[in-house]
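Colleague: Model the following, please.
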Amino acid sequence: MATLKSTKYVLSVTFGDYKNTIGGVAKVVATHQEMFNKAGVSYICIFPFNISNRKHKKNNRYWGVIVDGELEQVCSTEQVINFLFDLGNRGIMCECIHVHHLLYVNIEELSAIIRSLSAYVFFYIHDYYTICMSTKLICDDGCLCERDFLDNEKCHSCRYYSESIVFRSRFVSFVAEFKNRISFIAPSDACKKWFLKQYKEYEDKIIVVYHQTLEGEYKIPERTNNRIKVGYVGVPIAAKGWEQFKKLYYDYQENQKLEFVYFSSLIDTSVDIRHVQVNFQESLSAMQDALRREHVDYVILWSVWPETYSYTYYESYCAGCCVITNPSSGNMADQVCKMKTGLVLREEELFSFFKDINSVAEFRDKYIFNKKSVCNRLIENEKIISLSNGDLSAPIKKFNVSVQDSIAGPFLKLGYKLKLSIKK
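Modeller: Numbers count the residues shown, from 1 in each chain. Predicted coordinates:
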C-alpha cells in the first residue's frame, strides 16, 4: 500500500471509483480529496467492489481502496481493518469518517470497519437513497413520486418499495449503533427539508453545508446581436430534463435567431444538436469556463426531481446565464427564486416562452442590465475541513486474514495493480 502523505487521514466511503466516474457525488469526493490533501490531511476512499454482481450486496465484502487519488488495491473487509490498524500503529490516525453513499454497500461490512475506529462519522445526504431505492424519487412510470416518504398505501405496487423497506431498517440500525458519533450533512436547505420529512428523529443531528462558496465578481458581457443561445448542462438523461430540451430544439430549430447546444461529458448520438465536450475530471471549472466561452444566454435546468444541490446551477449562474427551471427541481428552484437568477416555469410555459423571440431577447437584456455582474468563481467550501478537525482517533481491533481472502487473481485480469500482503 502507498505511503500516506500525512500523519492523519480522512476515511471516505462511496459507491464507486470517483476518479473514473461522473456525477455530483464523484465530484464532491474528488474535491474533498484535493482540499484535504492541500490542508495536509491524507484521504483514503473505499468503495464496494464485487466482481460478480455489485448490486448483490449480501455477499459484497470487497473494497477498492484509493489513497490520495491513487487506486491501490482491492481487498476484503478484514484487510481494510488491518490496513487502518497498521496505520494507527505507525502513528497515522483517522481524523474523521465521511460516508458519502450506501449504494452497493454492505452495511454490515461497513459497520465493522467503522466499529474498528473511534473517529466521528459525517453522513452526507447527496440524494434520496436513504428514503427510497429510487434515488431521485422517480416512480415506475417516470414521474416524480407524489410523496416524499415511504407509505404502504402509496408505494405497495412500486418495484422499489419492498427493497426500500428492508434498507430503511438496516439504515436506522446503522445510525443507532453510531448515534453518539454521527451527524448528517445536507448540501442545501431543500435537501434537509426532504430528509427530515422521512427522518424527523434526526432533526438535531443534521446541518447544512453547501458544497461551494461564491467569490469575486464577473461582469456579464453585453450581447451584440439578437441571436439567443440556449444551453443544456449536464448528463443527457430524462431525469435531468433532456427530453424537454430536445423537444424545445425540435420545436424551434428552424428559428434562425435561436441556437441550441448541450454541454456534457457524454454524447447522445441520436440527436443532431451541437455538443460541447466538458469533463470536470479535467478541470473543476470546466463547465463554467465552457459556458462563458460560448456566451450562453439561457440554460435549461429541467430536473424532474428535487435536486439536493446541483453543481450545474451554480456553474450556469457564474457564467452569467439566465436559468430556466421548474417548481419540482429542489435546490435549483429555491436558488433561482432566492438569487433572482432566472425563471421557474411549468412545462407548458417553457415551450411557449420561446415563441416570441423579441420578448426572449428583451428578458435576456434586462437580466444582464439588472445583474451587471455575478460571482467570478466557485470555491470549494472548506467548512468540512474545520468540522473534521476533531480529536484524532485510533483503530481498536485487528482481524486475522486468511489466504482465502486474497482475490488478487481476478482483479489482475481487470488491470488493477494489487499490492496485497496476505498473512498465512
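Colleague: okay, CA-based contacts and neighbour counts for the rest of this
Modeller: OK.
Colleague: Which stretches in the protein count as helices?
Modeller: Along the chain, the stretches classed as helices by DSSP state H are 24-38, 77-89, 107-115, 152-155, 161-177, 189-198, 242-252, 286-294, 311-318, 331-339, 347-353, 357-371, 383-388, 408-413.
Colleague: Would you mind finding the most buried of those?
Modeller: Greatest average neighbour count among the helices of the chain goes to helix 311-318 (a mean of 23), per mean count of other C-alpha atoms under 10 Å.
Colleague: For that helix, name the packing helices and strands.
Modeller: When contacts are defined as 3 or more C-alpha pairs under 8 Å, 6 or more residues apart in numbering; DSSP states H and E, helix 311-318 sits against helix 286-294, strand 322-325, strand 377-380.
Colleague: returning to that earlier point: switch the helices of the chain over to TSV; also include distance to E70 and mean pLDDT.
Modeller: TSV is the format used below for the helices of the chain (distance: least, C-alpha to C-alpha, whole Å; pLDDT from 0 to 100):
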stretch	distance to E70	mean pLDDT
helix 24-38	11	93
helix 77-89	16	95
helix 107-115	21	97
helix 152-155	42	82
helix 161-177	29	94
helix 189-198	31	93
helix 242-252	34	97
helix 286-294	22	95
helix 311-318	25	96
helix 331-339	33	96
helix 347-353	44	96
helix 357-371	42	93
helix 383-388	21	90
helix 408-413	16	34
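Colleague: Tell me which of those sits nearest to H100.
Modeller: Of all those, helix 24-38 sits nearest to H100, with 7.3 Å by C-alpha to C-alpha.
Colleague: and the closest one with helix 311-318, angle?
Modeller: 70 degrees (axes from the mean of the first three to the mean of the last three C-alpha atoms, to 10 degrees).
Colleague: So which elements touch helix 24-38?
Modeller: strand 42-48.
Colleague: Can you list the strands that the strand it packs on pairs with?
Modeller: When sheet partners are counted by DSSP bridges, strand 42-48 sits next to strand 8-13 (parallel), strand 62-67 (antiparallel).
Colleague: Render the CA-only coordinates of it in PDB, please.
Modeller: The C-alpha trace of strand 42-48 is given here as PDB (Å, rounded to 0.1, in the frame of the first residue of the first chain):
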ATOM      1  CA  SER A  42      -4.400  12.300   3.600                       C
ATOM      2  CA  TYR A  43      -7.600  10.900   2.000                       C
ATOM      3  CA  ILE A  44      -8.400   7.200   2.000                       C
ATOM      4  CA  CYS A  45     -11.500   6.300   0.000                       C
ATOM      5  CA  ILE A  46     -13.100   2.900  -0.100                       C
ATOM      6  CA  PHE A  47     -15.900   1.700  -2.300                       C
ATOM      7  CA  PRO A  48     -17.700  -1.700  -2.700                       C
END
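Colleague: just the angle between it and helix 107-115, please?
Modeller: Computed with the same axes, to 10 degrees, the direction of strand 42-48 lies at 160 degrees from that of helix 107-115.
Colleague: how far out from the middle of the chain is strand 42-48?
Modeller: 16 Å (C-alpha atoms, centre = their mean, to the nearest Å).
Colleague: What's the mean pLDDT across it?
Modeller: The average pLDDT within strand 42-48 is 96.
Colleague: again, but for stretch 98-105
Modeller: In this model, stretch 98-105 has an average pLDDT of 95.
Colleague: and the end-to-end length of that stretch?
Modeller: The first and last residues of stretch 98-105 sit 14 Å apart, counting by C-alpha to C-alpha, to the nearest Å.
Colleague: care to break this protein down by domain?
Modeller: 8-211+382-413, 218-379 (automatic domain parsing).
Colleague: Figure out which of the helices and strands packed on helix 311-318 is closest to R159.
Modeller: That would be strand 322-325 among these, by C-alpha to C-alpha, at 28.8 Å.
Colleague: Could you name the helices and strands sitting against the closest one?
Modeller: strand 298-300, helix 311-318, helix 331-339, strand 342-344.
Colleague: Please repeat the previous calculation with a cut-off of 7 Å.
Modeller: The contact analysis (3 or more C-alpha pairs under 7 Å, 6 or more residues apart in numbering; DSSP states H and E) places strand 322-325 against strand 298-300, strand 342-344.
Colleague: Cross-check the contact I'm expecting between N106 and N60.
Modeller: Yes - using C-alpha atoms under 7 Å, N106 is in contact with N60, at 5.9 Å.
Colleague: and the two? which has more neighbours close in?
Modeller: Taking other C-alpha atoms under 10 Å, N106 and N60 do not tie; N60 has more neighbours (23 against 19).
Colleague: tell me the pLDDT at the more buried one?
Modeller: The model reports N60 with a pLDDT of 77.
Colleague: if we can go back for a sec, kindly reformat the helices and strands packed on helix 311-318 as CSV containing distance to D365.
Modeller: As requested, the helices and strands packed on helix 311-318 are arranged in CSV below (distance: least, C-alpha to C-alpha, whole Å):
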stretch, distance to D365
helix 286-294, 16
strand 322-325, 10
strand 377-380, 22
